[in-house]
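# just the structure for this:
(one chain, ligands or ions: 2)
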Amino acid sequence: MVRVQVPATTANLGPGFDCLGLALKLYNTVEMVRLHAGLSIEVHGEGAQEIARDQTNVVYRAAMRLFNQVGFAPGGLRIRLINNIPVARGLGSSASAITGGLIAANIIAGGRLTQKELLTLAAAIEGHPDNVAPALFGGIVVTSAVEGEVRYARIDPPSGLKAAVAIPEFKLSTRMAREVLPQQVSMQDAVFNLGRVALLVTALCRGDLGLLTGVMEDRLHQPYRASLVPGMKKVLAAARLAGARGVCLSGAGPTLIAFADTNLELIARAMKDTFTQNGVPARAMVLEPSPIGARALEIKT
Ligand SMILES: Nc1ncnc2c1ncn2[C@@H]1O[C@H](COP(=O)(O)OP(=O)(O)OP(=O)(O)O)[C@@H](O)[C@H]1O
Ligand SMILES: N[C@@H](CCO)C(=O)O
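Numbering: from 1, shown residues only. Ligands and ions are numbered 1, 2, ... in the order given. Below is the predicted model:
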């Protein structure tokens, strides 16, 4: 039996579309047991009513991709999922499922893939690397496809940095939130994001929270997604007014996230209340960055 813990993640951090992500202290657990034959899947917590319990389950599919790649036949599998990460809300639930499935399967198969190979496989399954990288490595991770491989650099989260998240009750699949994006963007918008993402990464590397202010704005994805998240602009403005240093859509949404080092509870309440005033029931949480990524909590042979 292998038990793996995987953090939630928030991707993009505003201007870092598809290339920046941060792990959060909110964890799912994947337990995997090798059987002689068959498949049994149990799901507890978030998504228990809707997550597939057959061969289409994302954790199972990720595990089988790894077993096939390394040439290992597991026989059957029993999988138990204990979920704390809300599903299809922009907090990396699919990345946690993929990463948890891969890590557990890799341990069962004898640890044949390296961390780098796990990242390449996870990014191929997810379609982009910005959630799976921090899910694997923890902290903040910058990723980019360079010469055919996923290049990555990990940054320790600045001390004192915390996040207030407002999570609407409705779901928004990443697939749908990507369908509204344009095929082309203007040079002006590209340059707007380039400067901000460079400043944002510099601020995070230096732990300079003052430099975060204003540099989490985006013109490549958020303006197109605003129509999918009622009240988005007002909630982000309320978070800023309550003292947040940086605010943005979390991943593909609909969760909105605000970063600050003080007044987190106040910011979270302002965000939730503004969603409510705009007819969107939501819950709010204050989360710390998770410096650790996916890891095995228990291995029994
Ligand atoms: N714990 C889980 N176990 C198995 N499958 C899961 C689990 N959590 C999520 N999924 C799968 O991932 C899908 C949601 O993925 P999607 O990319 O749309 O949202 P997200 O990953 O929560 O958001 P984002 O990528 O914006 O952070 C679910 O519909 C389900 O198929
Ligand atoms: N970068 C991705 C993250 C969500 O999976 C997006 O914004 O579509």
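# near ligand 1, which residues of the stretch 151-300 of the chain?
Neighbours of ligand 1 within the stretch 151-300 of the chain, by Cβ under 6 Å from any ligand atom: 173-174, 251-252. For every residue, glycine as well, the C-beta is placed using N, CA and C.
# using a markdown table, please lay out those residues together with neighbour count, pLDDT and distance to D54.
Formatted as a markdown table, those follow (neighbours: other Cβ atoms under 10 Å; pLDDT from 0 to 100; distance: Cβ to Cβ, whole Å):
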| residue | neighbour count | pLDDT | distance to D54 |
| --- | --- | --- | --- |
| S173 | 12 | 97 | 19 |
| T174 | 21 | 97 | 22 |
| G251 | 28 | 98 | 26 |
| A252 | 26 | 98 | 25 |
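# name the nearest residue to the residue in the stretch 151-300 of the chain that ligand 1 sits nearest to, ignoring sequence neighbours.
Residue nearest to ligand 1 within the stretch 151-300 of the chain (Cβ to the nearest ligand atom): G251, separated by 2.8 Å. Nearest residue to G251, sequence neighbours excluded (Cβ to Cβ, 6 or more residues apart in numbering): G90, at 3.7 Å.
# how near is the one you found to ligand 1?
In this view, G90 and ligand 1 are 4 Å apart by Cβ to the nearest ligand atom, to the nearest Å.
# right, and that residue touches V229 too?
No: G90 is beyond contact range of V229, at 9.3 Å (criterion: Cβ atoms under 8 Å).
# now do the same contact list for the residue sitting furthest away from the middle of the chain.
Going by Cα atoms, centre = their mean, the residue of the chain most distant from its centre is H36, 33.7 Å out. Residues near H36 by Cβ atoms under 8 Å, 6 or more residues apart in numbering: 75-76.
# read off the pLDDT value for it.
At H36, the pLDDT value in this model is 94.
# quick one: contacts for A145?
For A145, the contact set (Cβ under 8 Å, 6+ apart) comprises 129, 151.
# for the stretch 1-150 of the chain, what lies in contact range of ligand 1?
Applying Cβ under 6 Å from any ligand atom, we find that the stretch 1-150 of the chain lies next to ligand 1 at 11, 28, 47, 51, 57-59, 81, 83, 87-95, 97, 131.
# among these, which lie within strands?
If you go by DSSP state E, these have 11, 28, 81, 83 in strands.
# how about JSON lines for the residues you listed, with pLDDT and neighbour count added?
Formatted as JSON lines, these follow (pLDDT from 0 to 100; neighbours: other Cβ atoms under 10 Å):
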{"residue": "A11", "pLDDT": "98", "neighbour count": "31"}
{"residue": "N28", "pLDDT": "98", "neighbour count": "26"}
{"residue": "L81", "pLDDT": "98", "neighbour count": "26"}
{"residue": "N83", "pLDDT": "98", "neighbour count": "21"}
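# state the distance from E147 to ligand 1.
E147 sits 26 Å away from ligand 1, going by Cβ to the nearest ligand atom.
# quick thing: my sequence starts at 41, can you match it?
Will do, 41 is the new start, and the previous item becomes E187.
# which pLDDT value belongs to the nearest residue to I165 once chain neighbours are set aside?
Closest residue to I165 apart from its sequence neighbours, by Cβ to Cβ, 6+ apart: I138 at 5.0 Å. At I138, the model reports a pLDDT of 98.
# re earlier: just the residues of the stretch 41-190 of the chain next to ligand 1 that are near ligand 2?
Counting by Cβ under 6 Å from any ligand atom, 51, 171 from those sit close to ligand 2.
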